[in-house]
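Undergrad: need a 3D model of the following:
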Amino acid sequence: KSRLIFPIHYKRQLVAFQTRHLIQKLYLNEGPINHYLYRMERINPKYPLIIVEGIFDYINTSKFIHKFYKGRMNITTGFSKKLTNEQIKIINNMNLSSVIFLLDGDSWHDYYSSSIQLTCPHSDFIILSKDKDPGELSQREFLRIFNDNKKVLSQSDSTGISTSIL
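TA: Residues are numbered from 1 along each chain as shown. Predicted coordinates:
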């Protein structure tokens, strides 16, 4: 009662789900949620993959990507502050050319250990300021971030940490 339900499918089968309480910021995971990525069947290995921290980050960023980068970028979430070994294996098996972590300021260090385990040729970070979160950004803020990070988003050969301050 009073919860949003986010189903996780694999090969058209429901394998897990995450719920979010509408009033309190409480999440409940059911099933092996940390063995999957959200909507991973939609990931096209030809295009960069943007990874965000949580489901609301995914929803907001996906809306922006769909409007401005439809068919040229992928997006997913691992549902937590750090990718699991199973999720890293999934990403590595996709043979992606580029993975970009779009994270709020206090999460990037948790994801750094995940990034060094990736086998793709390019991984990078776009870090928001401490008070910003991808799930709360406006279209204008997204446009500014993506404009400020064109090199990262265009699969540059360099790796490193990019910071966007709003």
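Undergrad: mind checking the end-to-end distance for stretch 76-95?
TA: 15 Å (CA to CA, to the nearest Å).
Undergrad: pull out the buried positions in it.
TA: For stretch 76-95, a neighbour-count test (16 or more other CB atoms under 10 Å) marks 76-80, 83-84, 87-88, 90-91, 94 as buried. Using the backbone N, CA and C atoms, a C-beta is placed for each residue, glycine as well.
Undergrad: tell me the mean pLDDT over stretch 125-135?
TA: Here stretch 125-135 scores 86 as its mean pLDDT.
Undergrad: may I see the buried residues of stretch 76-95 organised as JSON lines, with pLDDT and distance to residue 57 added?
TA: Listed next are the buried residues of stretch 76-95 as JSON lines, based on pLDDT from 0 to 100; distance: CB to CB, whole Å:
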{"residue": "76", "pLDDT": "96", "distance to residue 57": "10"}
{"residue": "77", "pLDDT": "95", "distance to residue 57": "6"}
{"residue": "78", "pLDDT": "91", "distance to residue 57": "11"}
{"residue": "79", "pLDDT": "91", "distance to residue 57": "10"}
{"residue": "80", "pLDDT": "86", "distance to residue 57": "11"}
{"residue": "83", "pLDDT": "91", "distance to residue 57": "14"}
{"residue": "84", "pLDDT": "92", "distance to residue 57": "17"}
{"residue": "87", "pLDDT": "95", "distance to residue 57": "15"}
{"residue": "88", "pLDDT": "94", "distance to residue 57": "19"}
{"residue": "90", "pLDDT": "94", "distance to residue 57": "19"}
{"residue": "91", "pLDDT": "94", "distance to residue 57": "17"}
{"residue": "94", "pLDDT": "94", "distance to residue 57": "20"}
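Undergrad: what number of residues lie near residue 19?
TA: 16 (other CB atoms under 10 Å).
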